[in-house]
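In: Please find the sequence and the predicted model below.
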Amino acid sequence: MAVTIALVGNPNSGKTTLFNALTGSRQFVGNWPGVTVEKKEGLLKGYADVTIVDLPGVYSLSPYTPEEVIARRFILEERPDAILNIIDGSNPERNLYLTTQILELGIPVVCAVNMLDVLEKRGDKLELSRLSTALGCPCIAISALRSVNVRSAADLAVQCASPAPPDKRSGVLNPPVSFNAITERAIAELQALLPYPQERGNRRFNAIKLFERDEIALARLSAASTLELERIVALAESELHDDSESIIANGRYEFVERTVAKCLARHRPGTSATERIDRIVLNRVAALPIFAAVIFAVYYVSVSTVGAMVTSWTGTVLFGSIVPEVIGGLLDSAMAADWQRGLILDGIVAGAGTVLGFVPQLLILFFMLAFLESCGYMARIAFILDRLFRSFGLSGKSFIPFVIGTGCGVPGIMASRTIESESDRRMTIITTTFMPCGAKLPVIALFAGALFQGSGLVALNAYAIGIAAILISGLILRRFKLFRGEISPFVMELPEYRLPTLANLLRSTWERGLSFIKKAGTLILLSSIAVWFLSSFGIVGGGLRMLHADEISRSFLATIGGMLSWVFIPLGFGTWQSTVAVITGLLAKENIVATLGVLYGAGGMQTAFSPAVGLAFLYFNLLCPPCCAAIGAIRREMNSARWTTFALAYQLCFAYAAALLIRIAVTLIFA
Ligand code: GDP
Ligand code: MG
């Protein structure tokens, strides 16, 4: 007799591992008809007539996702002879919710409880005999990973596969969940409406689905029956003061809770190290101060002290004098032409220096972030901030990109990958570079020094304005239709604390560093060469020639700056010099310092910028589209030209509006 057994379970419960253990190499992989969800079938090892079907992982049998629709349609239409329900035993609360629905189908069910090693490591214990009694079906402990008991579980399912036709099966099984009296009465009335009396085994399942106004179940009802259904369900809803779907879900959750309480012996709380640490770290009062202290420490080491030292060494010593001198010497001995010298020294070496100059600092930051991530604290940060961020339409997970973004926007934008929800991820990508990155610090320092007696308040303000820009953008962007909808709920599970191994930290640091160099490198190098060309060549006396250092006003770049400068007139800096600085800033933000230095000289800043205009210029550059390396990262992560354009346009408009407001506000205050 040919038997079909369906493997049903939550995603990540170990279904595929179990399927492979049961079928070995005797499997056929394809797609479910019409969708690209994987379909796997195989013969049970040692049998010629027992087929195992690996259904897509689902949390319930509602018709909300393609996976759920496929799993449900297969079970209801193909009617497997038995269901092997694989349960992640380390998370029985979530997994049993699906089990309660499977048990209503009228198909024999065997529960294979997997991942018990994880549960036992926590010190918990699951009483399977009690679980069996509560569910009314055989439950067996397995380890899909180590192939323990998988054979017995499958054999049990084969034994349970009833040869009786479906209509005889209904009496065999008692669904475990009974709802309150009002709901049960409604379900009984709905069973009478079912148009398909031959499907006796499914009657309770289908009646419950009708009660939930499930669209697939409703589609098969006649118009008259639909009216009758509406009357029955509406009555129950008004008596119970709840909508029908919640009534059913609550009934199931209550059952699951009671069952878990009966079967799960939990380790006494507060004794594991993770719980003890979390009591302090996630404490209502202490959580935020601890978090602030940790972030400050990371920042202090990677940006202010050690980081600043290595960056200034690579910037001023290594790429400021050693490398240019060595290469300059080589060029001299090769008698290179002026333009060759310029291309190599000012284009390529300066560009490479920009990329590599930040690498040591980034490596320190990456190392510390890798530590926070792998010890388990990073997940807590997201957890702590989730509520706060959510009230601004952002997700707690956005925080990680924002922190990384204070070092460099490129890895910050790359870090947004951990956010599952697409709209949350896009919002994060658009707003990450509002945080002042390491390259913006010299610009901030230049303006603080030239216009505000080096006041540290300017830097502090830059962070405050960056954070404000992110939060305000959260509120603004949520108003767009594209970003509307549920902010994805916080589903990251808090991992146990672990002491990371040095090898793992170094590997993660190295991988991120390398990917920064590769991704940012090419773009920076190319645009560095382009800006070098535009700024050192010009049409002089009717011919193209290379300019001397003091002739930048005749360069192509100055011409372009002059053509665009009117845009900035409302902001107060509508000069070609400022415009050129903005353009070179798009190459790398710290270029603004060098450009203004060349164009205005040491003392010229005060005459060129009033405090109000200086602040407007500074904040425009902090908030406007980032350097081309970060733009490249945005393009890569958005994976869409349209979304990249939207992001850049939004940043440009936001920066412009902010700079205008700042100019007006400062002018009014100090007038
Ligand atoms: P599926 O999504 O249900 O197909 O789950 P997979 O078969 O892909 O398994 C998810 C993860 O759980 C994999 O990394 C498996 O190696 C792991 N896994 C499977 N069974 C066990 C088990 O008994 N114990 C532990 N600790 N891990 C397991
Ligand atoms: Mg799978």
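Out: All right, it came through fine. Residues are numbered from 1 along each chain as shown. Ligands and ions are numbered 1, 2, ... in the order given.

In: Roughly how far does Leu544 sit from Gly347?
Out: In this view, Leu544 and Gly347 are 17 Å apart by Cβ to Cβ, to the nearest Å. Quick note: C-beta positions are derived from backbone N, CA and C, even for glycine.

In: Which of those two has more residues huddled nearby?
Out: Gly347 (21 against 9; other Cβ atoms under 10 Å).

In: Surely that one and Ser528 touch.
Out: Yes. Taking contacts as Cβ atoms under 8 Å, Gly347 lies within contact range of Ser528: 5.7 Å.

In: who are the neighbours in contact with Thr314?
Out: Taking Cβ atoms under 8 Å, 6 or more residues apart in numbering, we find Thr314 in contact with 353, 356-357, 359-360.

In: give me that answer again for 7 Å
Out: 356-357, 360 (Cβ atoms under 7 Å, 6 or more residues apart in numbering).

In: Likewise for Ile465?
Out: By Cβ under 7 Å, 6+ apart, Ile465 lies in contact with Tyr619.

In: helix or strand right after the host helix or strand of it?
Out: Following DSSP states H and E, one finds Ile465 within helix 456-477. Using DSSP H and E, the helix or strand that follows helix 456-477 in sequence is helix 502-536.

In: helices or strands up against that following helix?
Out: helix 350-357, helix 359-375, helix 409-414, helix 556-564, helix 576-587, helix 628-638 (3 or more Cβ pairs under 7 Å, 6 or more residues apart in numbering; DSSP states H and E).

In: Leaving out the residues flanking it, which one is nearest to the residue in the stretch 451-600 of the chain that ligand 1 sits nearest to?
Out: Per Cβ to the nearest ligand atom, Glu496 is where the stretch 451-600 of the chain lies closest to ligand 1, at 13.0 Å. Distances taken as Cβ to Cβ, 6 or more residues apart in numbering put Thr274 closest to Glu496, at 4.6 Å, once the chain neighbours are dropped.

In: Just give the number of residues close to the one you found.
Out: Neighbour number of Thr274 under other Cβ under 10 Å is 15.

In: How much space separates it from Leu505?
Out: 20 Å.

In: next one: Lys121
Out: Using Cβ to Cβ, one obtains 23 Å as the distance from Lys121 to Leu505.

In: For the residue nearest the centre of the chain, which residues are in contact?
Out: Using Cα atoms, centre = their mean, the residue of the chain that lies closest to the mean C-alpha position is Ile419, 0.8 Å off. If you count contacts by Cβ under 7 Å, 6+ apart, Ile419 has them with 395, 397-398, 425, 428.

In: Compile those residues into TSV and extend it with columns for neighbour count, secondary structure and pLDDT.
Out: Below are the contacts of Ile419 laid out as TSV (neighbours: other Cβ atoms under 10 Å; DSSP: H, G, I helix; E, B strand; the rest coil; pLDDT from 0 to 100):
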residue	neighbour count	secondary structure	pLDDT
Ser395	25	coil	80
Lys397	27	helix	78
Ser398	28	helix	85
Arg425	21	helix	87
Thr428	29	helix	93
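
In: can you redo these as CSV with distance to Thr314?
Out: Formatted as CSV, these follow (distance: Cβ to Cβ, whole Å):
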residue, distance to Thr314
Ser395, 35
Lys397, 32
Ser398, 30
Arg425, 32
Thr428, 29
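
In: neighbours of Pro625, just the number please.
Out: Count around Pro625 with other Cβ under 10 Å applied: 19.

In: I meant Pro442, not that one.
Out: 17.

In: still on that earlier bit, save the contacts of Thr314 as JSON lines, and put in neighbour count and pLDDT too.
Out: Listed next are these as JSON lines, based on neighbours: other Cβ atoms under 10 Å; pLDDT from 0 to 100:
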{"residue": "Leu356", "neighbour count": "17", "pLDDT": "73"}
{"residue": "Gly357", "neighbour count": "25", "pLDDT": "71"}
{"residue": "Pro360", "neighbour count": "19", "pLDDT": "80"}
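
In: Please name the nearest non-neighbouring residue to Trp532.
Out: Trp532 sits nearest to Gly347 (Cβ to Cβ, 6+ apart), 3.8 Å away.

In: so where's the stretch 501-650 of the chain uncertain?
Out: Low-confidence regions of the stretch 501-650 of the chain, defined by pLDDT under 70, span residues 515-516, 519-521, 523-524, 549, 602.

In: do the stretch 151-300 of the chain as well
Out: In the stretch 151-300 of the chain, residues with pLDDT under 70: 162-174, 196-201, 268-271.

In: Which residue does it have closest to ligand 1?
Out: Counting by Cβ to the nearest ligand atom, the stretch 151-300 of the chain gets nearest ligand 1 through Ala153, at 12.1 Å.

In: What helix or strand is that residue located in?
Out: Using DSSP H and E, Ala153 sits in helix 150-160.

In: Return the residues of the chain in contact with ligand 1.
Out: 9, 11-17, 57, 114-115, 117-118, 143-145 (Cβ under 6 Å from any ligand atom).

In: run the last query once more with 8 Å
Out: 9-20, 54, 57, 86, 90, 114-118, 142-146, 148 (Cβ under 8 Å from any ligand atom).

In: Can you tell me which of these are buried?
Out: Neighbour-count burial (16 or more other Cβ atoms under 10 Å) is assigned, among the residues of the chain next to ligand 1, to 9-10, 13-20, 54, 57, 86, 90, 114-116, 142-144, 148.

In: name the helices or strands packed onto the helix or strand in which Leu615 is found?
Out: According to DSSP H and E, Leu615 maps onto helix 611-623. Identification of packing neighbours for helix 611-623 by 3+ Cβ pairs under 7 Å, 6+ apart yields helix 440-451, helix 456-477, helix 576-587, helix 641-670.
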